[in-house]
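Engineer: mind looking at a prediction? Sequence and model below.
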Amino acid sequence: DTAVSQTPKYLVTQMGNDKSIKCEQNLGHDTMYWYKQDSKKFLKIMFSYNNKELIINETVPNRFSPKSPDKAHLNLHINSLELGDSAVYFCASSLGDEKLFFGSGTQLSVL
Amino acid sequence: RKEVEQDPGPFNVPEGATVAFNCTYSNSASQSFFWYRQDCRKEPKLLMSVYSSGNEDGRFTAQLNRASQYISLLIRDSKLSDSATYLCVVTRYNNNDMRFGAGTRLTVKP
């Protein structure tokens, strides 16, 4: 069973479109995250939720809106996609102690 | 200054070599430290935690120097399968806020 699963794996879309990436974890973790890895491979935290409550919100454009319907899910909705949004987006979860468990990533390409 | 800094490499070493990576962090209040490994086009995975007293896991040794604010990873007897990007991770204020370095690319050659 996949511990942290995110869909879709690949997402190709036009500028200006709105898209969502879904993430689910079956580990019973309280904390979930979204990270963005750009073309230079730098992994940067975007958001963190603990028990459905937003606890970290980095300097991310308002076009990015996370939603956590329950503690096992953290979805990412992106409005008005721009070329610079092209990256790999990783969902992760943890018990808040140490180990981050990552999903396999969503490669977003904005054309 | 970046919060977590690493030499991006690449480090190209022959099999059997010993290689060391360093990572510096800027926040003296940082509590926890880790090394993650990321293979090409894959997600990062925890390699090992880094403890104040230093710790070893097989061929891998991690050390922490709080006074100088750096952590290190030593890999002995490098294997081809060690080829990957090694990411230094530091928690900012609590374990819910983990910051990654840009990674050091290692290639082990036959």
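Structural biologist: Nice, thanks for sending it over.
Engineer: what's the closest non-adjacent residue to the closest residue to chain A within chain B?
Structural biologist: The nearest approach of chain B to chain A comes at B:Glu43, 3.7 Å away (CB to the nearest CB). Quick note: C-beta positions are derived from backbone N, CA and C, even for glycine. Leaving aside its sequence neighbours, B:Glu43 sits nearest to A:Phe102 (CB to CB, 6 or more residues apart in numbering or on different chains; 3.7 Å).
Engineer: give me the neighbour count for the residue of chain B closest to chain A.
Structural biologist: 22 (other CB atoms under 10 Å in any protein chain shown).
Engineer: and it, how far is that from B:Thr107?
Structural biologist: Distance from B:Glu43 to B:Thr107, counting by CB to CB, to the nearest Å: 20 Å.
Engineer: how about B:Gly54?
Structural biologist: Counting by CB to CB, the gap from B:Gly54 to B:Thr107 is 26 Å.
Engineer: before we move on, what about B:Lys45?
Structural biologist: 18 Å.
Engineer: pLDDT below threshold where in chain B?
Structural biologist: B:94-95 (pLDDT under 70).
Engineer: got the residues of it near chain A?
Structural biologist: B:32, B:34, B:36, B:42-46, B:49, B:85, B:87, B:89, B:94-100, B:102-103 (CB under 8 Å from any CB of the partner chain).
Engineer: and the buried ones among the residues you listed, selectable in PyMOL?
Structural biologist: Of the residues of chain B next to chain A, the buried ones go into a single PyMOL selection, burial set by 16 or more other CB atoms under 10 Å in any protein chain shown:
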select buried, chain B and resi 32+34+36+43+44+46+49+85+87+89+95+96+97+98+99+100+102+103
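Engineer: please flag which of the residues of chain B next to chain A sit within strands.
Structural biologist: Taking DSSP state E as the definition of strands, these contribute B:Phe34, B:Tyr36, B:Lys45, B:Leu46, B:Ser49, B:Thr85, B:Leu87, B:Val89, B:Met98, B:Arg99, B:Phe100.
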